[in-house]
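[1] Pasted the sequence and its predicted model underneath.
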Amino acid sequence: MPIAIALTTCPDEASAGRIAVALVEENLAACVNQIPGVVSTYRWEGKVQRDTEVLLVIKTLASQIENVQRRVVALHPYELPEFVTLPVSSGSERYLEWVRQNVPS
(Lines give C-alpha, C1' and ligand atoms only; values in the text may rest on other atoms or scores of the structure.)
Protein backbone atom coordinates (compact mmCIF):
# COMPACT_ATOMS: atom_id res chain seq x y z
CA MET A 1 0.00 0.00 0.00
CA PRO A 2 1.52 3.32 -1.06
CA ILE A 3 2.04 6.02 1.55
CA ALA A 4 1.35 9.73 0.97
CA ILE A 5 2.03 12.95 2.80
CA ALA A 6 -0.55 15.72 2.78
CA LEU A 7 0.21 19.32 3.67
CA THR A 8 -2.10 22.04 4.91
CA THR A 9 -1.60 25.26 6.83
CA CYS A 10 -3.77 26.58 9.66
CA PRO A 11 -4.09 30.06 11.15
CA ASP A 12 -3.27 28.99 14.72
CA GLU A 13 -2.29 26.15 17.03
CA ALA A 14 -5.87 25.57 18.18
CA SER A 15 -7.30 24.86 14.73
CA ALA A 16 -4.20 22.87 13.75
CA GLY A 17 -4.52 20.76 16.90
CA ARG A 18 -8.22 20.08 16.31
CA ILE A 19 -7.55 18.88 12.77
CA ALA A 20 -4.52 16.80 13.78
CA VAL A 21 -6.33 15.03 16.62
CA ALA A 22 -9.42 14.36 14.49
CA LEU A 23 -7.38 12.80 11.68
CA VAL A 24 -5.50 10.49 14.03
CA GLU A 25 -8.52 9.61 16.19
CA GLU A 26 -10.56 8.81 13.05
CA ASN A 27 -7.74 6.58 11.70
CA LEU A 28 -7.29 8.78 8.63
CA ALA A 29 -3.66 9.51 9.52
CA ALA A 30 -1.01 7.61 11.44
CA CYS A 31 0.75 10.82 12.47
CA VAL A 32 0.32 14.55 12.01
CA ASN A 33 3.21 16.93 12.70
CA GLN A 34 2.37 20.51 13.69
CA ILE A 35 5.08 22.97 12.67
CA PRO A 36 4.43 26.46 14.08
CA GLY A 37 5.96 29.69 12.85
CA VAL A 38 5.60 29.12 9.11
CA VAL A 39 5.42 32.48 7.34
CA SER A 40 3.25 32.33 4.23
CA THR A 41 3.22 34.99 1.54
CA TYR A 42 0.40 34.63 -0.97
CA ARG A 43 -2.09 36.51 -3.12
CA TRP A 44 -5.69 36.56 -1.91
CA GLU A 45 -8.50 38.66 -3.37
CA GLY A 46 -6.04 40.66 -5.44
CA LYS A 47 -3.73 41.59 -2.56
CA VAL A 48 -0.42 40.17 -1.41
CA GLN A 49 -0.86 38.81 2.11
CA ARG A 50 1.68 37.68 4.69
CA ASP A 51 0.66 35.59 7.68
CA THR A 52 2.17 33.31 10.29
CA GLU A 53 0.63 29.86 10.12
CA VAL A 54 0.99 26.33 11.47
CA LEU A 55 1.95 23.69 8.90
CA LEU A 56 0.42 20.23 9.25
CA VAL A 57 2.35 17.30 7.78
CA ILE A 58 -0.10 14.41 7.52
CA LYS A 59 1.16 10.82 7.06
CA THR A 60 -1.44 8.51 5.58
CA LEU A 61 -2.16 5.93 2.91
CA ALA A 62 -2.49 7.16 -0.65
CA SER A 63 -5.87 5.40 -0.77
CA GLN A 64 -7.12 7.63 2.08
CA ILE A 65 -6.14 11.01 0.59
CA GLU A 66 -9.66 11.88 -0.60
CA ASN A 67 -11.09 11.09 2.86
CA VAL A 68 -8.35 13.10 4.55
CA GLN A 69 -9.02 16.05 2.25
CA ARG A 70 -12.77 15.95 2.92
CA ARG A 71 -12.16 15.92 6.68
CA VAL A 72 -9.56 18.71 6.56
CA VAL A 73 -11.89 20.91 4.50
CA ALA A 74 -14.81 20.19 6.87
CA LEU A 75 -12.78 21.14 9.97
CA HIS A 76 -10.72 23.98 8.51
CA PRO A 77 -11.52 27.62 9.32
CA TYR A 78 -10.22 28.94 5.97
CA GLU A 79 -12.55 29.53 3.05
CA LEU A 80 -9.99 27.85 0.76
CA PRO A 81 -7.57 25.70 2.77
CA GLU A 82 -4.34 24.57 1.21
CA PHE A 83 -4.30 20.83 0.58
CA VAL A 84 -1.50 19.29 -1.43
CA THR A 85 -0.15 15.75 -1.42
CA LEU A 86 3.20 14.17 -2.06
CA PRO A 87 3.82 10.50 -2.78
CA VAL A 88 6.32 8.73 -0.56
CA SER A 89 8.71 6.88 -2.86
CA SER A 90 10.97 5.48 -0.16
CA GLY A 91 11.77 5.63 3.53
CA SER A 92 12.38 3.53 6.59
CA GLU A 93 10.44 0.35 5.86
CA ARG A 94 9.68 -0.13 9.56
CA TYR A 95 8.19 3.37 9.74
CA LEU A 96 6.20 2.96 6.52
CA GLU A 97 4.82 -0.33 7.80
CA TRP A 98 3.78 1.43 11.02
CA VAL A 99 1.85 3.99 8.94
CA ARG A 100 0.16 1.15 7.05
CA GLN A 101 -0.80 -0.56 10.32
CA ASN A 102 -2.32 2.61 11.75
CA VAL A 103 -4.43 3.70 8.78
CA PRO A 104 -6.94 1.17 7.53
CA SER A 105 -7.28 0.95 3.78
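    Looks like it arrived, so ask away. Numbering: from 1, shown residues only.

[2] what kind of secondary structure is the closest residue to residue 67 other than its chain neighbours in?
    Setting aside the residues directly before and after it, residue 67 is nearest to residue 28 in space (CB to CB, 6 or more residues apart in numbering), at 5.7 Å. Yep, even glycine has a C-beta here, placed from its N, CA and C like the rest. Put simply, residue 28 is coil when judged by DSSP: H, G, I helix; E, B strand; the rest coil.

[3] Can you report how many residues lie near residue 28?
    Using other CB atoms under 10 Å as the criterion, residue 28 is surrounded by 23 other residues.

[4] pretty sure it contacts residue 66?
    No. Applying CB atoms under 8 Å, one finds residue 28 not in contact with residue 66, separated by 10.3 Å.

[5] From what I see, residue 85 and residue 4 are in contact.
    Yes. Look at residue 85 against residue 4 with CB under 8 Å: they come within range, at 5.1 Å.

[6] For the two, list the residues in contact with both.
    By CB atoms under 8 Å, 6 or more residues apart in numbering, residue 85 and residue 4 have these common neighbours: 62, 65.

[7] Can you show me the helices along this structure?
    In the chain, the helices defined using DSSP state H lie at 13-25, 65-75, 93-102.

[8] JSON lines please, covering these and showing distance to residue 58.
    Converted to JSON lines, the helices of the chain look like this (distance: least, CB to CB, whole Å):
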{"stretch": "helix 13-25", "distance to residue 58": "6"}
{"stretch": "helix 65-75", "distance to residue 58": "6"}
{"stretch": "helix 93-102", "distance to residue 58": "11"}
